[in-house]
Structure formats: C-alpha cells, structure tokens
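K.L.:
need coordinates for the below:
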Amino acid sequence: FDTTPLGKLLMNIFGTLAQFERDLIIERTTEGKISASKAGNYTGGSIPLGYKAIEKKIVIDREEAQIVRDIFYWFVEEDHSSLEIARTLTKRKVLTNRDKNFGGKYRKTNPIATWNETSIRRRLQDEHYIGKYYYNKRDASGKLKPEVDWVEMICPQIIDDETFRKTQEKIEANKNKANNK
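P.N.:
Next up, the predicted model:
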C-alpha cells in the first residue's frame, strides 16, 4: 500500500475486515466449545490429578485416584495438615500435574515431585472429585463469570459426598481458628 489517502483508506478497510473475521472465528470457536461441553465432551484445559481424558471424556486414572483418596483420608481421618500431606507426597516423589505437563523453564527452577500446601488445599476443595466441574466458569482474565454462563458437567466421582463434606467443614473450622488468633 502507498501512503496516499486512497492507500491509507484501503489499508484501514483491510485491517477492519481482518479484525471482523478474527472476532467471528473466536465467537464460533467459543460457541462450539460450549455446545461440546453441554454434550458432555471434554473441551480442553488442565485435567485434575486423578483423571485423564480419553476420547473426549474425563475418566478416572486408577493410580492417581488412589493418591487423591490418600490426600482426603490423611486430611480427614488422620488429621494431617496440608503441609504434612505435601511433605509426604514430596518424600514419596509423587509427580504433580506440572511434572507431567510442563518442562523447560519450569523444570529448571522447580525440582520434580515438589508439592506445596496450596496445591493440597486446592485439591481438597476441588468439586471434580465429587463428580462436578464447570466449563465457561471464568473469562480470559481468570475472573468468575455469572453462574448462568457456567456449563455444569459430570465426571466420575473419586471421593464420596460425605468425605468431601467433612473436608469442607474441617477447612472452614481451620479458617475460623486462624481468624480467632
């Protein structure tokens, strides 16, 4: 394009058309993923510990599911803290999701199979383990969308409802203890 008024006009028109096409592609892709998730298909994203994706469905990974059950058992029945559980898993060299999914820079700064209490707490509060998860829950920046936009999905249950309820009660009691100090 030249820098004449006509050249500038054509460049702006082509730029606007390209942006319009890009927006259409994003809209169609989003609608397609929402439609697929409503049909019960896995549409991407990180899969929690204890699960794997096979043919667009989330299924239980037996080996990892036992680790999840152990985490809940240690927390509820044996009264271990998140930090104690993290140390136990690190000592046993149990791989984290990051160990399985990432390499490169992350691997250079973090040793393999290093757990922390935050990742344990996240797992203890994750509804995947009682058979629920949501697609379209957050926007691109990570902020929660209104609940009406969420697509509830079902996945195999690893933890029974009673154990999950006890876990949530214990987490809340621990928060109250910390606030009282």
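K.L.:
what helix or strand is residue 23 on?
P.N.:
Using DSSP states H and E, residue 23 sits in helix 5-38.
K.L.:
next helix or strand past that helix?
P.N.:
Taking DSSP H and E, what comes next after helix 5-38 is strand 51-54.
K.L.:
mind listing what that next one pairs with, with the direction of each?
P.N.:
Using DSSP bridges, the strands paired with strand 51-54 are strand 57-60 (antiparallel).
K.L.:
what does the strand it pairs with contact?
P.N.:
With C-beta atoms under 8 Å, 6 or more residues apart in numbering as the test, strand 57-60 has contacts from 40, 41, 42, 47, 50, 51, 52, 53, 133, 155, 156, 158. From N, CA and C alone the C-beta is placed, and that goes for glycine too.
K.L.:
just after that strand, pick out the following helix or strand.
P.N.:
Using DSSP H and E, the helix or strand that follows strand 57-60 in sequence is helix 62-76.
K.L.:
tell me the angle of the following helix or strand past that following helix relative to helix 62-76?
P.N.:
Next along the chain after helix 62-76, taking DSSP H and E as the criterion, comes helix 82-91. Here helix 82-91 runs at an angle of 150 degrees relative to helix 62-76 (axes from the mean of the first three to the mean of the last three C-alpha atoms, to 10 degrees).
K.L.:
what about residue 30, how many neighbours?
P.N.:
Per other C-beta atoms under 10 Å, the neighbour tally for residue 30 reads 11.
K.L.:
then residue 114?
P.N.:
Residue 114 has 14 nearby residues by other C-beta under 10 Å.
K.L.:
that one and residue 90 touch, don't they?
P.N.:
Yes. With contact defined as C-beta atoms under 8 Å, residue 114 counts as touching residue 90 (5.5 Å).
K.L.:
rewinding a little: including neighbour count, could the contacts of strand 57-60 go into CSV?
P.N.:
Listed next are the contacts of strand 57-60 as CSV, based on neighbours: other C-beta atoms under 10 Å:
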residue, neighbour count
40, 13
41, 17
42, 21
47, 20
50, 26
51, 22
52, 14
53, 15
133, 23
155, 22
156, 14
158, 25
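K.L.:
so which of those is the closest to residue 71?
P.N.:
Closest approach to residue 71 among the contacts of strand 57-60 (C-beta to C-beta): residue 50, at 9.4 Å.
K.L.:
ok, that closest one to residue 132 distance?
P.N.:
Distance check for residue 50 against residue 132: by C-beta to C-beta, to the nearest Å, it reads 14 Å.
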